[in-house]
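Peer 1: Take this sequence and fold it.
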Amino acid sequence: MEPSPKDGESAAAAEPGRGGTAPSSGVVVQVREKKGPLRAAIPYMPFPVAVICLFLNTFVPGLGTFVSAFTVLCGARTDLPDRHMCCVFWLNIAAALIQILTAIVMVGWIMSIFWGMDMVILAR
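Peer 2: As a prediction, the model looks like this:
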């Protein structure tokens, strides 16, 4: 079967010895992480404060999250710009309470460590 001219062009482009160039057609894909209200309420803190909160969350589940709630009252920004500062504060307090209450079954402890890691990642 004889290749059509279009097939011949793409075959020439695919073979480096024939002098063809690969077509540069690319697709730009943008991925955005959808955050829930508790995750979006994690404040952007200075790096040393975030590391301290991670340390506290590692050894006393929820304590670092509780401390981070007060950084919101000190002006730390979050991914919830449309919510009032007090609402974001209470969301962080709720996250700390969830971590403390579920630490008994290890879920809260693991959640607390991941929460602290998110704080450090956001601080960078």
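Peer 1: Pretty sure Ala40 sits against Thr78.
Peer 2: Yes - contact criterion C-beta atoms under 8 Å: Ala40 and Thr78 qualify, at 6.4 Å. For glycine as for every other residue, the C-beta is placed from the backbone atoms N, C-alpha and C.
Peer 1: more crowded one of these two?
Peer 2: Thr78 (20 against 16; other C-beta atoms under 10 Å).
Peer 1: could you pull out the strands for this protein?
Peer 2: Counting by DSSP state E, the chain has no strands at all.
Peer 1: what bits of the protein have low per-residue confidence?
Peer 2: Residues of the chain that meet the criterion pLDDT under 70 lie in 1-24.
Peer 1: Next up, the contacts around Pro37.
Peer 2: Going by C-beta atoms under 8 Å, 6 or more residues apart in numbering, Pro37 touches 80, 91.
Peer 1: Could you rerun that using 10 Å?
Peer 2: Counting by C-beta atoms under 10 Å, 6 or more residues apart in numbering, Pro37 touches 79-80, 83, 87-88, 91, 94-95.
Peer 1: Over to Val67?
Peer 2: 45, 49, 52-53, 56-57, 92, 96, 119.
Peer 1: mind redoing it with 8 Å?
Peer 2: 52-53, 56 are the contacts of Val67 under C-beta under 8 Å, 6+ apart.
Peer 1: Could you tell me how many residues sit around Gly75?
Peer 2: 8.
Peer 1: One more: Pro46?
Peer 2: Neighbour count for Pro46, taken as other C-beta under 10 Å: 11.
Peer 1: try the one 3 residues further on
Peer 2: Summarising burial for Val49: neighbours were counted as other C-beta under 10 Å, giving 19.
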